[in-house]
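Participant: Could you look at this predicted model? Sequence included:
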Amino acid sequence: MPQRQEPSHVVAHLSDTHFLAGGAPMHGVVDTVGNLRRALERLEASQFAIDAIVHTGDIADAGELDAYERVRELVEPVAERLGCPVVWVAGNHDVRGPMRQALFGLAPTDEPHDSVVEVNGLRIVALDTSVPGAGHGFVELSQLEWLAGVLAEPAPNGTLLALHHPPAPTPVRVLEPFQLRNPAALAAALEGTDVRLLLSGHFHYPLQTVFAGRQLSVVPATSYTVRVDAPHLGLTGLDGGQAISLVAVYPGQVVTMLVGIDAPPAVVQLPDGTFDDLLPD
């Protein structure tokens, strides 16, 4: 029987909030504000100590300054109460100028925003795969060179790489034109580095796979999810299954766990320590 282990870090991963100015519902029906609020409530109710909150893009739906300010006004107070930083990543719906201004206090330029945060030895790298005015993703040569420089020295607890566009295939055919266009270049940049896990969004459904020898975890959106079992229907958005992910970092493994934005009713509850007598001394 293995000994009980505690994670060295727990990172909250959310994506695709798709806020509109004024808090307007997306497509006239999706309560993006209420969904994010419920997701954050579940996060604060978690029994884990959260080391960072990572948002992997499509923060806003139309790139409006007010939309970014509204997301920040919900997320940052939660992060402050949890005592952790927020890592923001740009998605294809995001507009770099308003995003840089509202979330980072920077000049509203079209420059990509790549960043690095280190939390108690765990490095989190945000890579901007957005292409202004387009839906697909791409990593510029200058970004790959920057990434190589960042990863040249390993971090004590390794690195998580956060990007919007997953370097993975999708069975939802209408999403194929919006994939990352140069995954091979990204894979080459990761070779020999301490990247342990890639975090992405974009697809609006959960996905787990391996990319360049590393785990890739795609979290479903908090706004709406996408039906994957009927690709012939095109893109079918669903008001259900919205979730965030908790990423638990252990010395030899990284574990990701989906947490729905709405807690289902409990059917059984056993107190902590119920099976402690089965653990070795």
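Facilitator: Sure, I can see it.

Participant: From here on, just use CA atoms for contacts and neighbour counts.
Facilitator: Will do.

Participant: For the stretch 101-250 of the chain, which segments count as helices?
Facilitator: With helices called from DSSP state H, counting those that start in this stretch, the stretch 101-250 of the chain shows them at 141-151, 183-190.

Participant: Please tell me how far the worst-scoring helix or strand of the chain on mean pLDDT is from the chain's geometric centre.
Facilitator: Within the chain, no helix or strand scores below strand 237-238, which has a mean of 94 by mean pLDDT, DSSP states H and E. Here the centre of strand 237-238 is set off from its chain's centre by 19 Å, with C-alpha atoms, centre = their mean, to the nearest Å.

Participant: List the strands paired with it, with their directions.
Facilitator: In the sheet, strand 237-238 lines up against strand 225-226 (antiparallel) (DSSP bridges).

Participant: Next up, the contacts around Glu191.
Facilitator: Shown in contact with Glu191 (C-alpha atoms under 8 Å, 6 or more residues apart in numbering): Ala212.

Participant: Use 43 as the first number for this chain going forward.
Facilitator: Shifting the count to begin at 43 puts that one at Glu233.

Participant: Report the contact partners of Ala204.
Facilitator: By C-alpha under 8 Å, 6+ apart, Ala204 lies in contact with Val96, Thr98, Val131, Ile166, Val167, Ala168, Leu169, Leu240, Leu241, Ser242.

Participant: While we're on the fourth one, how confident is the model there?
Facilitator: Put plainly, it is Ile166. On pLDDT, Ile166 comes in at 98.

Participant: does it really touch Val158, like I thought?
Facilitator: Yes - using C-alpha atoms under 8 Å, Ile166 is in contact with Val158, at 5.8 Å.

Participant: Now do the least confident helix or strand of the chain: everything it contacts.
Facilitator: Contacts for strand 279-280 (C-alpha under 8 Å, 6+ apart): Tyr266, Thr267, Val268, Arg269.

Participant: who wins for most neighbours among those residues?
Facilitator: For the contacts of strand 279-280, neighbours were counted using other C-alpha atoms under 10 Å, and Tyr266 has the most, 24 neighbours in all.

Participant: Report the contact partners of Thr151.
Facilitator: Arg138, Gly139, Arg142.

Participant: one more time with 10 Å, if that's ok
Facilitator: Taking C-alpha atoms under 10 Å, 6 or more residues apart in numbering, we find Thr151 in contact with Val137, Arg138, Gly139, Pro140, Met141, Arg142, Gln143.

Participant: Name the member of these with the shortest distance to Leu288.
Facilitator: Met141 (24.8 Å; C-alpha to C-alpha).

Participant: That closest one and Ala254, how far apart?
Facilitator: Distance check for Met141 against Ala254: by C-alpha to C-alpha, to the nearest Å, it reads 30 Å.

Participant: Please report the distance of Arg80 from Glu153.
Facilitator: Arg80 is 33 Å from Glu153, by C-alpha to C-alpha.

Participant: repeat for His178
Facilitator: Taking C-alpha to C-alpha, one finds His178 at 17 Å from Glu153.

Participant: what's the answer for Arg142, then?
Facilitator: Here the criterion is C-alpha to C-alpha. By it, Arg142 lies 9 Å from Glu153.

Participant: what do you get for Gln45?
Facilitator: Distance from Gln45 to Glu153, by C-alpha to C-alpha: 48 Å.

Participant: the more surrounded of the two?
Facilitator: Shown here are Gln45 and Glu153; by other C-alpha under 10 Å, Glu153 has more neighbours (12 against 8).

Participant: The more buried one against Gln143, yeah?
Facilitator: No - at 11.7 Å, Glu153 does not count as touching Gln143 under the criterion of C-alpha atoms under 10 Å.

Participant: Report the contact partners of the nearest residue to Ala121 once chain neighbours are set aside.
Facilitator: Distances taken as C-alpha to C-alpha, 6 or more residues apart in numbering place Pro127 nearest to Ala121, at 6.3 Å, with adjacent residues excluded. Contact analysis of Pro127 by C-alpha under 10 Å, 6+ apart lists Ile92, Asp93, Ala94, Ile95, Val96, Glu118, Ala121, Val159, Glu160, Val161.

Participant: Repeat that for Pro219.
Facilitator: Gly177, His178, Gly179.

Participant: Can you check the pLDDT for it?
Facilitator: We have a pLDDT of 96 for Pro219.

Participant: Distance check, it against His178.
Facilitator: Distance from Pro219 to His178, counting by C-alpha to C-alpha: 6 Å.
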